[in-house]
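Colleague: The sequence and its predicted three-dimensional model are supplied below.
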Amino acid sequence: MAKCKICQVDFATDKEFNSHLRSHSLRQAEYYQEYEPRRDLFDDSIIKFKNKEQYLSADFNSKANLKKWLESLSKQEAYKYCKDVLEKRKEKKGLIYAPTQVELRSIMIPPVSYLNGVFGGYYEECERMGFKNKYVYPSGKMVYGSTYGEDYKIYVDTREQRPLSFKRQSEIKTLKFADYAFSCDKSTCNCYIERKSISDLIGTLSGGFERFCREIERAWAAEANFIVLVEDSLDNCLKFNELSSVYKKQTRVTPDYIFRNVRDIIQKYPFVQFLFVHGRDVAAETVEKLFTCGCGYKKIDLQLAYDLKLL
């Protein structure tokens, strides 16, 4: 139910209400910012309108403002705000698992490292809130490489169009899913890695979304652990619409849309992780690290470990 605050008429659906706004010569953004104004808690600027759901739930226009505002609070006040935000999101979105670093960095909530400090233990607090925990907070650098001799090799799928270059021996082989696997799958707990450029990510999480979900379902049926490795930084991917080298006129999807699908996958499939790294060389090194860390990658949020320089 929606009620127009200009003429006091009730509407059964938002669609009917949005059509009605044309009779007032108003766009949604103009209406909400005029008649239901919301302001940034840090600098009192009007909240920018993207859509109704975002506008009515937003407290800040930027992560920078969120950070500055939290810095002005006592630890107890910051704790209460962050706990309330997570609890509301859990209820509204029906979340099951404690939000990952990728999830938190793609919405207006502080990252895991900040929450870990203000909560005195992120995963412990999430458990008290009713989330299920997939990971533990990393206690140090991941250990990898030393026990895996030269006989072990990396399998590269025949359909991989731009294979990464590895120090370790590799072999072209048809894989049922993903782009990379290890010759000893037991030692990696059946780990498979799907490589993506930013452009690949945009295409896969928009027009190719259903096809990608079918690939994930095949991985699930094979009891695999599935890592989506993006060969560009999370910051760049979160603002790809500002990158002229990536965002073309015919590209109609937004980072908000892409990362909503990313978050949905992370919550629906607990064996899937997304990891964003700085470039192809780092991506190649990361593949080798993940395949030679035993099953250590399963216990930690990989994006968090990477951001903390522990991966």
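Modeller: Here it is on my side, so go on. Numbers count the residues shown, from 1 in each chain.
Colleague: Every contact and neighbour count from this point should use C-alpha atoms.
Modeller: Noted.
Colleague: need the helices for the stretch 51-200 of the chain, in chain order.
Modeller: When secondary structure is read from DSSP state H, counting those that start in this stretch, the stretch 51-200 of the chain shows helices at 52-57, 63-71, 75-93, 101-105, 112-119, 122-128, 198-204.
Colleague: quick one: low-confidence parts of the stretch 1-150 of the chain?
Modeller: In the prediction, the stretch 1-150 of the chain carries residues with pLDDT under 70 at positions 146.
Colleague: Run a quick neighbour tally on the closest residue to Asp43 other than its chain neighbours.
Modeller: Leaving out its chain neighbours, the residue that sits closest to Asp43 by C-alpha to C-alpha, 6 or more residues apart in numbering is Asn65, at 7.5 Å. Neighbour count for Asn65, taken as other C-alpha atoms under 10 Å: 16.
Colleague: is it true that Asn65 touches Asp44?
Modeller: No. Look at Asn65 against Asp44 with C-alpha atoms under 8 Å: they stay out of range, at 10.3 Å.
Colleague: can I see the domain layout of the chain?
Modeller: What automatic domain parsing lists as the domains of the chain is 2-57, 73-128, 154-307.
Colleague: On the strand side of things, show who Tyr180 bridges to.
Modeller: Here Tyr180 shows beta-bridge partners Val156, Ile193, assigned using DSSP bridges.
Colleague: Can you name the residues that contact it?
Modeller: Contacts here follow C-alpha atoms under 8 Å, 6 or more residues apart in numbering; on that basis Tyr180 touches 154-157, 192-195.
Colleague: mind redoing it with 7 Å?
Modeller: Going by C-alpha atoms under 7 Å, 6 or more residues apart in numbering, Tyr180 touches 154-157, 192-194.
Colleague: before we move on, the earlier item: tell me the spacing between the residue nearest to Asp43 and Arg218.
Modeller: Distance of Asn65 to Arg218, computed by C-alpha to C-alpha, to the nearest Å: 42 Å.
Colleague: The closest residue to Glu103 other than its chain neighbours: what secondary structure?
Modeller: On the basis of C-alpha to C-alpha, 6+ apart, the spatially nearest residue to Glu103 that is not a chain neighbour turns out to be Arg263, at 5.7 Å. Three-state secondary structure (criterion: DSSP: H, G, I helix; E, B strand; the rest coil) places Arg263 in helix.
Colleague: quick one: pLDDT of Arg263?
Modeller: Residue-level confidence at Arg263 comes out at 98, pLDDT.
Colleague: Tell me, how many residues neighbour Ile266?
Modeller: Based on other C-alpha under 10 Å, the number of other residues close to Ile266 is 19.
Colleague: got it, and Met142?
Modeller: Residue neighbour count, defined by other C-alpha under 10 Å, stands at 16 for Met142.
Colleague: Run through the residues that contact it.
Modeller: Contacts were defined as C-alpha under 7 Å, 6+ apart; by that measure Met142 touches 310-311.
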